[in-house]
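Asks: Structural data only, the sequence is not supplied:
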């Protein structure tokens, strides 16, 4: 597909692969992502999705799972280095089935989450 695009004078397609729990802290997924010249595939960055979920969840998250603004900033800095500057090419997502069903006060959301 990549060669066909080149023959047609087009840019290579943007391909994203799903590597469960891939991203910062997972050496194998980073080795794959950082060899784009060979594999031509980006990753869904699960670790970024997890950190965003924890940050957005705020006080409704279990205290051991909370992520402050500073924690998120530190992670994003680590992410740039881990993806060798290609961090902005890695996809991420926030799945609605992974999200707490918030509504009402944070305390009410927390109680619903703990049932």
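Replies: Happy to help now that I have it. As the structure is a prediction and not an experimental result, all values here were calculated from the model.
Asks: need the contact list for residue 87.
Replies: Applying CB atoms under 8 Å, 6 or more residues apart in numbering to residue 87 gives the contacts 76, 79, 80. Every residue, glycine included, has its C-beta placed from N, CA and C.
Asks: Once you drop chain neighbours, what's closest to residue 80?
Replies: residue 87 (5.0 Å; CB to CB, 6 or more residues apart in numbering).
Asks: Show the buried residues in the contacts of residue 87.
Replies: The neighbour-count test (16 or more other CB atoms under 10 Å) marks residue 79 as buried among the contacts of residue 87.
Asks: Export the contacts of residue 87 as a markdown table, with columns for distance to residue 34.
Replies: Converted to a markdown table, these look like this (distance: CB to CB, whole Å):
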| residue | distance to residue 34 |
| --- | --- |
| 76 | 17 |
| 79 | 12 |
| 80 | 12 |
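Asks: residues near residue 1, how many?
Replies: Each residue near residue 1 was counted by other CB atoms under 10 Å, and the total is 9.
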